[in-house]
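> Generate a structure from the sequence data that follows.
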Amino acid sequence: MKLLAIFVLYKEDDGKVKVLQDEFNLGSFGYFERYYVKQLLVFSARTITERTALCTRQSVEADQNVNGIVHVYVRPDGLASVIISDSEYPQRVAHILLSKVMNDFTTRYPSASCNPQEADPLMRLEKDLDDTKDILIKTMINVLDRGENLDDLFARSHDLSSATKEFAKTARRKNQCCTLF
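Numbering: from 1, shown residues only. The predicted structure follows:
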(Lines give C-alpha, C1' and ligand atoms only; values in the text may rest on other atoms or scores of the structure.)
Protein backbone atom coordinates (compact mmCIF):
# COMPACT_ATOMS: atom_id res chain seq x y z
CA MET A 1 0.00 0.00 0.00
CA LYS A 2 1.69 3.14 -1.18
CA LEU A 3 0.98 6.48 -2.76
CA LEU A 4 2.79 7.32 -5.97
CA ALA A 5 1.66 10.93 -6.43
CA ILE A 6 -0.59 13.64 -5.03
CA PHE A 7 -1.76 16.54 -7.22
CA VAL A 8 -3.75 19.72 -6.77
CA LEU A 9 -5.11 20.93 -10.10
CA TYR A 10 -7.44 23.60 -11.41
CA LYS A 11 -10.03 22.77 -14.04
CA GLU A 12 -10.86 25.87 -16.08
CA ASP A 13 -14.25 26.59 -17.63
CA ASP A 14 -13.02 25.50 -21.06
CA GLY A 15 -11.98 22.12 -19.64
CA LYS A 16 -8.22 22.68 -19.61
CA VAL A 17 -6.44 21.52 -16.48
CA LYS A 18 -3.48 23.23 -14.82
CA VAL A 19 -1.29 21.56 -12.23
CA LEU A 20 -1.03 23.84 -9.22
CA GLN A 21 1.03 21.59 -6.98
CA ASP A 22 2.35 18.05 -7.11
CA GLU A 23 4.34 15.62 -5.00
CA PHE A 24 5.80 12.29 -6.05
CA ASN A 25 6.99 9.14 -4.26
CA LEU A 26 9.02 7.37 -6.93
CA GLY A 27 11.57 5.61 -4.71
CA SER A 28 10.40 2.17 -5.84
CA PHE A 29 11.33 2.95 -9.46
CA GLY A 30 14.82 2.91 -10.90
CA TYR A 31 16.67 6.20 -11.14
CA PHE A 32 16.45 6.37 -14.93
CA GLU A 33 12.77 5.34 -14.95
CA ARG A 34 11.59 8.09 -12.60
CA TYR A 35 11.49 10.85 -15.20
CA TYR A 36 9.24 8.82 -17.51
CA VAL A 37 7.04 7.55 -14.69
CA LYS A 38 6.61 11.13 -13.46
CA GLN A 39 5.49 12.27 -16.93
CA LEU A 40 3.07 9.36 -17.12
CA LEU A 41 1.60 10.22 -13.70
CA VAL A 42 1.12 13.90 -14.65
CA PHE A 43 -0.52 12.87 -17.92
CA SER A 44 -2.87 10.46 -16.11
CA ALA A 45 -3.82 13.06 -13.50
CA ARG A 46 -4.59 15.74 -16.11
CA THR A 47 -6.49 13.45 -18.44
CA ILE A 48 -8.71 11.95 -15.77
CA THR A 49 -9.36 15.36 -14.21
CA GLU A 50 -10.39 16.74 -17.62
CA ARG A 51 -12.88 13.90 -18.00
CA THR A 52 -14.31 14.19 -14.50
CA ALA A 53 -17.37 16.38 -14.05
CA LEU A 54 -17.54 19.10 -11.40
CA CYS A 55 -18.72 17.97 -7.94
CA THR A 56 -17.59 14.42 -8.63
CA ARG A 57 -15.40 11.85 -6.89
CA GLN A 58 -14.22 8.81 -8.74
CA SER A 59 -11.52 6.16 -8.85
CA VAL A 60 -10.18 4.91 -12.17
CA GLU A 61 -7.63 2.21 -12.93
CA ALA A 62 -4.49 3.79 -14.33
CA ASP A 63 -2.42 2.76 -17.30
CA GLN A 64 -1.01 -0.78 -17.15
CA ASN A 65 2.51 0.73 -17.14
CA VAL A 66 1.84 2.33 -13.76
CA ASN A 67 -0.33 -0.44 -12.31
CA GLY A 68 -2.23 1.83 -9.98
CA ILE A 69 -5.51 3.57 -9.31
CA VAL A 70 -6.21 7.26 -9.90
CA HIS A 71 -8.52 8.77 -7.27
CA VAL A 72 -9.90 12.18 -8.23
CA TYR A 73 -12.17 14.75 -6.62
CA VAL A 74 -13.27 17.88 -8.51
CA ARG A 75 -15.03 20.61 -6.52
CA PRO A 76 -17.72 22.93 -7.92
CA ASP A 77 -15.20 25.80 -8.17
CA GLY A 78 -12.93 23.74 -10.45
CA LEU A 79 -10.29 22.95 -7.87
CA ALA A 80 -9.34 19.27 -8.05
CA SER A 81 -7.13 16.88 -6.15
CA VAL A 82 -5.75 13.62 -7.48
CA ILE A 83 -4.06 10.75 -5.72
CA ILE A 84 -2.39 7.99 -7.67
CA SER A 85 -1.79 4.90 -5.57
CA ASP A 86 -1.11 1.24 -6.03
CA SER A 87 -4.09 -1.09 -6.31
CA GLU A 88 -3.86 -2.18 -2.66
CA TYR A 89 -4.48 1.30 -1.24
CA PRO A 90 -7.99 1.54 0.32
CA GLN A 91 -10.37 3.63 -1.75
CA ARG A 92 -12.17 5.16 1.24
CA VAL A 93 -8.89 6.31 2.77
CA ALA A 94 -7.81 7.79 -0.57
CA HIS A 95 -11.00 9.86 -0.83
CA ILE A 96 -10.63 11.10 2.74
CA LEU A 97 -7.06 12.09 1.89
CA LEU A 98 -8.30 13.91 -1.24
CA SER A 99 -10.55 16.10 0.91
CA LYS A 100 -7.76 16.73 3.40
CA VAL A 101 -5.32 17.72 0.63
CA MET A 102 -7.91 20.09 -0.82
CA ASN A 103 -8.63 21.70 2.57
CA ASP A 104 -4.92 22.10 3.35
CA PHE A 105 -4.30 23.69 -0.05
CA THR A 106 -7.16 26.19 0.26
CA THR A 107 -6.03 27.07 3.78
CA ARG A 108 -2.45 27.66 2.68
CA TYR A 109 -3.37 29.46 -0.55
CA PRO A 110 -6.66 31.34 -0.13
CA SER A 111 -8.59 32.11 -3.30
CA ALA A 112 -7.99 35.85 -2.89
CA SER A 113 -4.29 35.32 -3.58
CA CYS A 114 -5.16 34.00 -7.04
CA ASN A 115 -6.37 37.44 -8.04
CA PRO A 116 -3.48 39.87 -7.46
CA GLN A 117 -5.81 42.87 -7.37
CA GLU A 118 -7.60 41.41 -4.36
CA ALA A 119 -4.42 40.32 -2.61
CA ASP A 120 -2.45 43.57 -2.98
CA PRO A 121 -4.14 46.79 -1.74
CA LEU A 122 -1.77 49.01 -3.73
CA MET A 123 -2.57 47.18 -6.96
CA ARG A 124 -6.30 47.49 -6.20
CA LEU A 125 -5.88 51.24 -5.62
CA GLU A 126 -3.98 51.63 -8.91
CA LYS A 127 -6.74 49.79 -10.74
CA ASP A 128 -9.38 52.04 -9.16
CA LEU A 129 -7.40 55.14 -10.14
CA ASP A 130 -7.00 53.89 -13.70
CA ASP A 131 -10.73 53.18 -13.91
CA THR A 132 -11.54 56.65 -12.56
CA LYS A 133 -9.12 58.25 -15.03
CA ASP A 134 -10.71 56.35 -17.93
CA ILE A 135 -14.19 57.47 -16.85
CA LEU A 136 -13.02 61.08 -16.59
CA ILE A 137 -11.45 60.96 -20.06
CA LYS A 138 -14.64 59.49 -21.55
CA THR A 139 -16.72 62.17 -19.84
CA MET A 140 -14.50 64.95 -21.20
CA ILE A 141 -14.66 63.46 -24.69
CA ASN A 142 -18.46 63.27 -24.45
CA VAL A 143 -18.66 66.91 -23.33
CA LEU A 144 -16.42 68.01 -26.18
CA ASP A 145 -18.33 65.89 -28.69
CA ARG A 146 -21.50 67.85 -28.02
CA GLY A 147 -20.12 70.80 -29.94
CA GLU A 148 -18.51 72.52 -27.02
CA ASN A 149 -14.80 72.98 -26.86
CA LEU A 150 -12.58 73.66 -23.90
CA ASP A 151 -12.10 77.34 -24.84
CA ASP A 152 -15.84 78.01 -24.71
CA LEU A 153 -16.10 76.28 -21.35
CA PHE A 154 -13.25 78.39 -19.97
CA ALA A 155 -14.85 81.58 -21.25
CA ARG A 156 -18.24 80.82 -19.68
CA SER A 157 -16.92 79.64 -16.36
CA HIS A 158 -17.47 81.96 -13.40
CA ASP A 159 -15.39 79.75 -11.11
CA LEU A 160 -12.12 80.45 -12.89
CA SER A 161 -10.29 83.67 -12.22
CA SER A 162 -8.97 85.73 -15.08
CA ALA A 163 -5.42 84.68 -14.17
CA THR A 164 -6.36 81.00 -14.55
CA LYS A 165 -7.99 81.68 -17.90
CA GLU A 166 -4.89 83.55 -19.06
CA PHE A 167 -2.66 80.71 -17.85
CA ALA A 168 -4.71 78.17 -19.85
CA LYS A 169 -4.47 80.31 -23.00
CA THR A 170 -0.71 80.75 -22.60
CA ALA A 171 -0.18 77.04 -22.02
CA ARG A 172 -2.24 76.22 -25.09
CA ARG A 173 -0.23 78.63 -27.24
CA LYS A 174 3.08 77.22 -26.02
CA ASN A 175 1.95 73.65 -26.61
CA GLN A 176 0.92 74.43 -30.19
CA CYS A 177 4.53 74.71 -31.30
CA CYS A 178 5.12 71.15 -30.13
CA THR A 179 2.33 69.80 -32.32
CA LEU A 180 4.01 71.08 -35.48
CA PHE A 181 6.90 68.68 -35.10
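
> Walk me through the domains of this structure.
Using automatic domain parsing, the domains assigned to the chain come out as 3-109, 116-180.

> so residue 84 touches residue 42, yeah?
No: with contact defined as Cβ atoms under 8 Å, residue 84 does not count as touching residue 42 (9.7 Å). Using the backbone N, CA and C atoms, a C-beta is placed for each residue, glycine as well.

> Which of the two has more residues huddled nearby?
residue 84 (27 against 18; other Cβ atoms under 10 Å).

> Give the bridge partners for the more buried one, please.
residue 5, residue 70 (DSSP bridges).

> ok, and the closest non-adjacent residue to residue 98?
Leaving aside its sequence neighbours, residue 98 sits nearest to residue 73 (Cβ to Cβ, 6 or more residues apart in numbering; 4.2 Å).

> burial measure for residue 168, as a count.
14.

> Does it belong to a helix, a strand or coil?
helix (DSSP: H, G, I helix; E, B strand; the rest coil).

> which one's the longest helix in this protein?
helix 121-145 (DSSP state H).

> Please name every helix or strand in contact with it.
Applying 3 or more Cβ pairs under 8 Å, 6 or more residues apart in numbering; DSSP states H and E, one finds that helix 121-145 contacts helix 116-119.
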